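[1] Fold the following, please.
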Amino acid sequence: MLFRDIEITEGFIDRMLSSLSDGVCILSAQEPKHPIIYVNPAFESMSGFSQEEILTKPGLFLNHVDSKTSELEVLYAALLKGENCHVVLRNERHNGELFWNETSLSAIKDKNGKTLYFISIQKDISDDIHLQKTISDQIKALESAKERLEGLAQTDSLTGLFNKRYFNAQYPTQYSIAKRNNDNLSVFMLDVDFFKQYNDHYGHLAGDYCLKEISSALKNVFKRTSDFVARFGGDEFVVYSVGLSKDQAVVSANNLLEYMKDLKISHERSDMNYVTLSIGIACANWDKFSAPTELLEQADSALYHAKNGGRNKTVMYKPS
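    Numbering: from 1, shown residues only. Okay, the predicted model is just below:
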């Protein structure tokens, strides 16, 4: 059947528009505020207003202040210039309920190009918007959870320092980079003197507090961007630092001992009567080292000598 076989009457157009599931309204283009001159039943249902209440109202009477300014500007420009547009607006039903309205505006012109009417086809897309927001919120929640899990995988929950697992993942790479660039690389192994006695005497809560204070001291002394501080486990800590000479490494370690002296964390079961550290240092010799573990082993050996040598001291590893 061809359209020329159909009698296009006002009644036919009304029946056709009334059968649509999307809201339709026709606005006058020739009068101020573009009053509405026709709405279909779907528009009545969507807006909550009856046809009698709607007719002669301004074309944008459903618009709510929550609508995006940019979308409104597009719509205003189209109405002013007699052009088509497609926007999404926040509208308000008769009962005050807000909803998202996807609007397609088309200009109806006469044969001379003069805009006589606008026909607006509108769809309630609130469910789609809510679904998008739900999905967006879920994605943000998952990203936040991922960040927290990654943080937990990298840091020690008690001290906030990097953990042993993350140290072991990062250290070989940094070792290789320093070796390739022929940069100084120092490794410090530290543990708390008489920490078992501290815990036995003061309790584990005090022990946790002590480890947190030591962690703060480490972060205050080793605060260059090339310093990496980690809790290795229990009362043992490890630091690697790129760019420090042997003399600078010793100065940093001694600064940490002085920092602990100033903290004066009471330790009645220690000879010093305050919490002290033993520190072993090893500095890379690129002519001899073949594996990152060697430097760690040397720092650990220096730590052993520091503890056996009376504690509360720094020992630099010396090849035998």
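
[2] Compute the distance between residue 97 and residue 182, please.
    For residue 97, the distance to residue 182 equals 70 Å [C-beta to C-beta, to the nearest Å]. C-beta here means a position set from N, CA and C on the backbone, and glycine is covered the same way.

[3] My error: substitute residue 232 in the last question.
    From residue 232 over to residue 182 the distance is 27 Å, taken as C-beta to C-beta.

[4] of these two, who's got more company?
    residue 232 (21 against 9; other C-beta atoms under 10 Å).

[5] Quick one: residues contacting residue 279.
    Shown here is residue 279, whose contacts under the criterion C-beta atoms under 8 Å, 6 or more residues apart in numbering are 188, 189, 190, 253, 256, 257, 303, 306, 313, 314, 315.

[6] ranking these by neighbours, who comes first?
    Highest neighbour count within the contacts of residue 279, by other C-beta under 10 Å: residue 188, with 28 neighbours.

[7] give me the beta-bridge partners of that residue?
    Applying DSSP bridges to residue 188 gives these bridge partners: residue 239, residue 281.

[8] Hmm, residue 278 and it touching each other?
    No - when contacts are counted by C-beta atoms under 8 Å, residue 188 is not listed as touching residue 278 (10.9 Å).

[9] so which helix or strand takes in residue 90?
    strand 85-92 (DSSP states H and E).

[10] Return the set of buried residues in that strand.
    85, 87, 89, 90, 91, 92 (16 or more other C-beta atoms under 10 Å).

[11] immediately after that strand, which helix or strand?
    Assigned by DSSP H and E, the successor of strand 85-92 is strand 98-109.

[12] for the helix or strand following that next one, packing partners?
    On the C-terminal side of strand 98-109, the closest following helix or strand by DSSP H and E is strand 115-124. Under the contact definition 3 or more C-beta pairs under 8 Å, 6 or more residues apart in numbering; DSSP states H and E, strand 115-124 sits against strand 23-28, helix 41-47, strand 98-109.

[13] average model confidence for strand 115-124?
    For strand 115-124, the mean per-residue pLDDT is 92.

[14] Check stretch 195-207 too.
    Average pLDDT, stretch 195-207: 95.

[15] if we can go back for a sec, which ones among the contacts of residue 279 map onto strands?
    Using DSSP state E, 188, 189, 190, 314, 315 are the members of those that sit in strands.

[16] residues making contact with stretch 74-91?
    With C-beta under 8 Å, 6+ apart as the test, stretch 74-91 has contacts from 29, 34, 47, 59-60, 62-64, 66-68, 71-72, 98-107, 109, 114-115, 118, 125.

[17] what comes up buried for the longest helix anywhere in the chain?
    For the chain, the longest helix by residue count, based on DSSP state H, is helix 126-154. Within helix 126-154, the residues that count as buried by 16+ other C-beta under 10 Å are 126, 154.

[18] now do stretch 91-106
    For stretch 91-106, by 16+ other C-beta under 10 Å, it's 91, 92, 93, 99, 100, 101, 102, 103, 105.

[19] Can you tell me which of the residues you listed is closest to residue 249?
    Using C-beta to C-beta, residue 100 comes nearest to residue 249 of the buried residues of stretch 91-106, at 62.9 Å.

[20] wait, what's in contact with the closest one?
    By C-beta under 8 Å, 6+ apart, the contact set of residue 100 is 88, 89, 90, 91, 124, 125, 126, 128, 129.

[21] would you list those in TSV and tack on distance to residue 167?
    Formatted as TSV, those follow (distance: C-beta to C-beta, whole Å):
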residue	distance to residue 167
88	51
89	55
90	52
91	57
124	56
125	51
126	51
128	48
129	47
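
[22] Residue 268 in helix, strand or coil?
    Here residue 268 is coil, with the state taken from DSSP: H, G, I helix; E, B strand; the rest coil.

[23] secondary structure class for the residue nearest to it when sequence neighbours are not counted?
    Spatial nearest neighbour of residue 268, excluding adjacent residues (C-beta to C-beta, 6 or more residues apart in numbering): residue 201 at 6.4 Å. Of the three states, residue 201 takes helix under three-state DSSP.
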